[in-house]
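A.B. asks: Here is my input; please provide its structure:
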Amino acid sequence: MFKKQIDITILTESRYIDPVTSNSFNQNILLEDGLIIAELEKQGLNVVRVAWDDPNFDWSTTKYALFRATWDYFERMQEFSNWMTKTAQHTNFINSKSLIDWNIDKHYLKDLQIKGVNMAKTLFIEKGEELSLKEAMDKAEQTLAFSSDELVLKPCIAGGARHTYKFHIDAWPQYDTVFQELSISEAQMLQEFQKNVVDKGEVSMMLFNGEFTHAILKLAKKGDFRVQDDYGGTVHEYQATVEQIAFAKMVIDACPEKPLYARVDIFEDNDGKLALAELEIFEPELWFRFYPPAAKLFAKQLKELFT
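C.D. replies: Next up, the predicted model:
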């Protein structure tokens, strides 16, 4: 058990503490964490890296906890939620717990849309709502004027494209069973498929305390629609446009409070307009390895928490 007072604890999950498999995925996680840890230590801060569910760690010994690769949370949602509630009594979260609670469920997209942020047309199907997938599709067509023949279905709390399905409207019977089974335990989203995500990719933009630093372009594997590297997606250096940076900053300004770090994922919608895919202010990959100066800037901003 750690006894020395710790300034910042980097949060990960147990399988990434000392990975048995030395693949590029695990190496990138270690590299990303290493970059921010090195910069924090240059700022004179005492930093450790711990699995969020480590039973031997004393959370009263650390002032701040920075969420990084806690990517098993949605598989253990109740346990994770209980841990956050308990840990927040001793430790300050970066970003704040209230902001994480807001962002962890994709209902936050509704709040941003109300504030003028453009996004894909989305029907939210609430937990326990007794609808068939066809009835949900009809509702979306009537209330949101869905016009695409291709749709996407996914949970409101998930990661890594878990239970994310793309299907033609005539193929809905193939997905009705899983849709209704999921509806018993969780809320879901039905969206128009955005062809430009496949044709042009998705841009991830990193901002620290509202300041844009860098962007990357994510492209789906040929024949797939998911840009995540879990499904063969690739990542490329990217120079964001003035318009894209302004859009990302508008998204940050629409948050309930300004996040200290955020990743704004954007795409060009079916009408050719910039749109928000996701706002990640909880445990996003921040791609420091593509632009190490961002880790230095972030570390300097975190140092200010102690002054």
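
A.B. asks: C-alpha only now, for contacts and for neighbours.
C.D. replies: Will do.

A.B. asks: just the helices in the chain please.
C.D. replies: 24-42, 77-87, 97-103, 108-114, 133-144, 173-185, 195-199, 242-253, 293-303 (DSSP state H).

A.B. asks: which one of these lies closest to K127?
C.D. replies: Evaluated over these, closeness to K127 peaks at helix 173-185, with 5.2 Å, by Cα to Cα.

A.B. asks: And that closest one, what does it pack against?
C.D. replies: Contact partners of helix 173-185 among helices and strands, from 3 or more Cα pairs under 8 Å, 6 or more residues apart in numbering; DSSP states H and E: helix 133-144.

A.B. asks: same thing but 10 Å
C.D. replies: Contacts of helix 173-185 with other secondary structure elements, assessed using 3 or more Cα pairs under 10 Å, 6 or more residues apart in numbering; DSSP states H and E, are made with helix 133-144, strand 150-155, strand 165-168.

A.B. asks: Turn the ones you listed into a markdown table, including distance to L99 and mean pLDDT.
C.D. replies: Rendered in a markdown table, the data for the helices and strands packed on helix 173-185 read as follows (distance: least, Cα to Cα, whole Å; pLDDT from 0 to 100):
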| stretch | distance to L99 | mean pLDDT |
| --- | --- | --- |
| helix 133-144 | 28 | 94 |
| strand 150-155 | 20 | 94 |
| strand 165-168 | 28 | 93 |
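
A.B. asks: most tightly surrounded among the ones you listed?
C.D. replies: Mean neighbour count, computed with mean count of other Cα atoms under 10 Å, is highest for strand 150-155 among these, reaching a mean of 20.

A.B. asks: Centre of the chain to that strand, how far?
C.D. replies: 17 Å (Cα atoms, centre = their mean, to the nearest Å).

A.B. asks: for stretch 139-149, same thing?
C.D. replies: Its chain's C-alpha centre lies 26 Å from the corresponding centre of stretch 139-149 when counted by Cα atoms, centre = their mean.

A.B. asks: And stretch 215-223, by the same measure?
C.D. replies: Averaged C-alpha coordinates place stretch 215-223 at 16 Å from its chain's average position (Cα atoms, centre = their mean).

A.B. asks: just to revisit the earlier point, lowest mean pLDDT across the helices of the chain, which one is that?
C.D. replies: Least confident of the helices of the chain, judged by mean pLDDT, is helix 195-199 with a mean of 88.

A.B. asks: Which strands and helices lie in contact with that one?
C.D. replies: Using 3+ Cα pairs under 10 Å, 6+ apart as the contact test, the elements touching helix 195-199 are strand 211-219, strand 261-268.

A.B. asks: Would you reformat those strands as a markdown table and include mean pLDDT?
C.D. replies: Supplementary listing: the helices and strands packed on helix 195-199 in a markdown table, determined by pLDDT from 0 to 100:
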| stretch | mean pLDDT |
| --- | --- |
| strand 211-219 | 96 |
| strand 261-268 | 97 |
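
A.B. asks: Tell me which of those strands lies nearest to I100.
C.D. replies: Comparing the helices and strands packed on helix 195-199 by their distance to I100 (Cα to Cα), the top pick is strand 261-268, with 11.2 Å.

A.B. asks: Of all the helices of the chain, which one is nearest N270?
C.D. replies: Proximity to N270, assessed across the helices of the chain by Cα to Cα, is greatest for helix 195-199 (6.7 Å).

A.B. asks: for that closest one, which positions count as buried?
C.D. replies: K195, N196, V197, V198 (16 or more other Cα atoms under 10 Å).

A.B. asks: and if you look at stretch 272-284?
C.D. replies: Here stretch 272-284 shows L274, A275, L276, A277, E278, L279, E280, I281, F282, E283, P284 as buried, counting by 16+ other Cα under 10 Å.

A.B. asks: could you redo these as TSV and give each row pLDDT?
C.D. replies: Below are these laid out as TSV (pLDDT from 0 to 100):
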residue	pLDDT
L274	98
A275	97
L276	98
A277	95
E278	95
L279	97
E280	96
I281	96
F282	92
E283	93
P284	94
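
A.B. asks: from the residues you listed, which ones fall inside strands?
C.D. replies: Where those overlap with strands, as defined by DSSP state E, the overlap consists of L274, A275, L276, A277, E278, L279, E280.

A.B. asks: Return the member of the residues you listed nearest to L260.
C.D. replies: Nearest to L260 among these, with distances taken as Cα to Cα, is E280, at 11.6 Å.

A.B. asks: How far off centre is stretch 287-303?
C.D. replies: Taking Cα atoms, centre = their mean, the mean C-alpha location of stretch 287-303 is offset from the chain mean by 18 Å.
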